[in-house]
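# I'd like to go over a predicted model; first the sequence, then the structure.
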There are 2 protein chains.
Amino acid sequence: MNIYLAGPDVFLPDALDMGRRKAELCARYGLTGLFPLDNAVALAAHDASLQIFRGNEAMMDRADAIIANLTPFRGPSADAGTVYELGYMAGRSKLVLGYSNDPATYVDRVARFETISNRDGLLIGADGLAVEDFGLPDNLMLIHCLDLHGAPLVTPRSAPADLWHDLAAFESCVQIAAQRLPRLAT
Amino acid sequence: MNIYLAGPDVFLPDALDMGRRKAELCARYGLTGLFPLDNAVALAAHDASLQIFRGNEAMMDRADAIIANLTPFRGPSADAGTVYELGYMAGRSKLVLGYSNDPATYVDRVARFETISNRDGLLIGADGLAVEDFGLPDNLMLIHCLDLHGAPLVTPRSAPADLWHDLAAFESCVQIAAQRLPRLAT
């Protein structure tokens, strides 16, 4: 059973090592982790980004599930590329799992970057747009996609010291995948 | 032909009016715009966010295409909920169209929020993670999804005075949808 390993991990300085660690954890549970950087891409080519897209899409198409790293990235929400992939896999009716190493609510995350005002009970961001206030860690589409098409978002009780390298929440997702996928195969 | 109207427009103070304006533009080209806020939701209910998710998913499932407002939202990238929906519709093999009223590249967008350093030609953000540098306006997964499963991202030559209410780029997407969808129906 193949698991697509989505996340901004690909942008880490030690991205290849993270991919290896994640794949090893998958193997420990009898699963095969597919890491985007495993695709061969000529980075100097004029169409390198298109090659990456095609490689990732083909990898998703042959995966049975996705484990998405939805830790907030450059703002209060998860990485856009990872969120795209979560949606794509849900659209393909694959098993969708995800984790965030930051358990804070979306409101608390937004408040790190800007002042939120309260207008008659409605929370408004600095941009004048409403701040989603359902007590969820991120936009409701991501969170409930996991609830209904996979398993609830996995978060630690408190953020680990190393937000980008701690794999405890990731491993919980792998365990869920290992429990679910044999049943899917029958 | 039904078009799902995705975007952080739902968070605007005049969200209902924006939905009405977008639906009217669709109607002008013979299309039916489906706006998320048209779903009936009991906002005071304990499961309001789940009701919204289910309503949006059902709306996407009966739409033939999506037009996603990918203008950057609370950071350098598009709104997470909208990006999820773009992925979901691509996964469902629907026609995917999108626009951003901010034409800046991703690197320029990130530079608005943090200092980017250059390590041997690789751009690194304040978080120590690489900054995608393909000259694209957002994460390559979003941009090339549009290229391959719809039409290239529509952007104005320069950002309009009112980033959240200018509908010129949106109307261009509607025109593309009107050209494409009759062919899909044959």
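Looks like it arrived, so ask away.

# For the rest of this, base every contact and every neighbour count on C-alpha atoms.
Will do.

# I'd assumed A:Ile124 was in contact with A:Ile116.
Yes: between A:Ile116 and A:Ile124 there is a contact under C-alpha atoms under 8 Å: 5.5 Å.

# Now list whatever residues contact both of these two.
Common neighbours of A:Ile116 and A:Ile124 are listed as A:Val131 (criterion: C-alpha atoms under 8 Å, 6 or more residues apart in numbering or on different chains).

# what about A:Asn118, which helix or strand?
Applying DSSP states H and E as the criterion places A:Asn118 in strand A:117-119.

# So the next helix or strand after that strand, near chain B or not?
Toward the C-terminal end, the helix or strand that comes next after strand A:117-119 (DSSP H and E) is strand A:122-124. No: using C-alpha under 8 Å from any C-alpha of the partner chain, strand A:122-124 stays clear of chain B, with a minimum separation of 9.0 Å.

# any residues touching the helix or strand bottoming out on mean pLDDT in chain A, and which ones?
Here the helix or strand of chain A ranked lowest by mean pLDDT, DSSP states H and E is helix A:168-185, holding a mean of 88. For helix A:168-185, the external contacting residues (C-alpha under 8 Å, 6+ apart) are A:1, A:25-26, A:29-31, A:64-65, A:67, A:69, A:97-101, A:151, A:154-156.

# PyMOL command for the buried members of these?
In PyMOL syntax, the buried subset of the contacts of helix A:168-185 is picked out as below (16 or more other C-alpha atoms under 10 Å in any protein chain shown):
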select buried, chain A and resi 1+25+26+31+64+65+67+69+97+98+99+100+101+151+154+155
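
# Got the phi and psi for A:Asp64?
With angles defined as degrees, to the nearest 10, A:Asp64 sits at phi -90, psi -20.

# now A:Ala90
The phi/psi pair for A:Ala90 (degrees, to the nearest 10) reads phi -60, psi -40.

# residues in contact with it?
Here A:Ala90 is in contact with A:96, A:145, A:149, B:88, B:91 (C-alpha under 8 Å, 6+ apart).

# Considering those, which is situated nearest to B:Ala6?
Nearest to B:Ala6 out of the contacts of A:Ala90 is B:Tyr88 (C-alpha to C-alpha; 11.6 Å).

# The closest one against A:Val83, yeah?
No: using C-alpha under 8 Å, B:Tyr88 is not in contact with A:Val83; the gap is 9.8 Å.

# Compare neighbour counts for the two and give me the winner.
For B:Tyr88 versus A:Val83, neighbours defined as other C-alpha atoms under 10 Å in any protein chain shown are more numerous around A:Val83 (31 against 28).

# State whether the more buried one is indeed within a helix.
Yes: if the criterion is DSSP: H, G, I helix; E, B strand; the rest coil, then A:Val83 is within a helix.

# So for it, what's the nearest residue that isn't a sequence neighbour?
B:Tyr84 (5.4 Å; C-alpha to C-alpha, 6 or more residues apart in numbering or on different chains).

# mind listing what the one you found touches?
A:83-88, A:141-142.

# With distance to B:Arg74 as extra columns, can I get the residues you listed in a markdown table?
A markdown table is the format used below for the contacts of B:Tyr84 (distance: C-alpha to C-alpha, whole Å):
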| residue | distance to B:Arg74 |
| --- | --- |
| A:Val83 | 15 |
| A:Tyr84 | 17 |
| A:Glu85 | 20 |
| A:Leu86 | 20 |
| A:Gly87 | 20 |
| A:Tyr88 | 23 |
| A:Met141 | 17 |
| A:Leu142 | 16 |
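
# Which of the residues in the host helix or strand of A:Val110 are classified as buried?
Taking DSSP H and E as the definition, A:Val110 sits inside helix A:106-111. Residues A:106-107, A:109-111 are the ones in helix A:106-111 that count as buried (16+ other C-alpha under 10 Å).

# what bridges to the nearest residue to A:Leu34 once chain neighbours are set aside?
In space, and not counting its chain neighbours, A:Leu34 is closest to A:Tyr4: 4.9 Å by C-alpha to C-alpha, 6+ apart. Assessed by DSSP bridges, A:Tyr4 has beta-bridge partners A:Leu34, A:Ile66.

# List the residues that contact A:Tyr4.
So A:Tyr4 contacts A:33-36, A:59-60, A:63-67 (C-alpha under 8 Å, 6+ apart).
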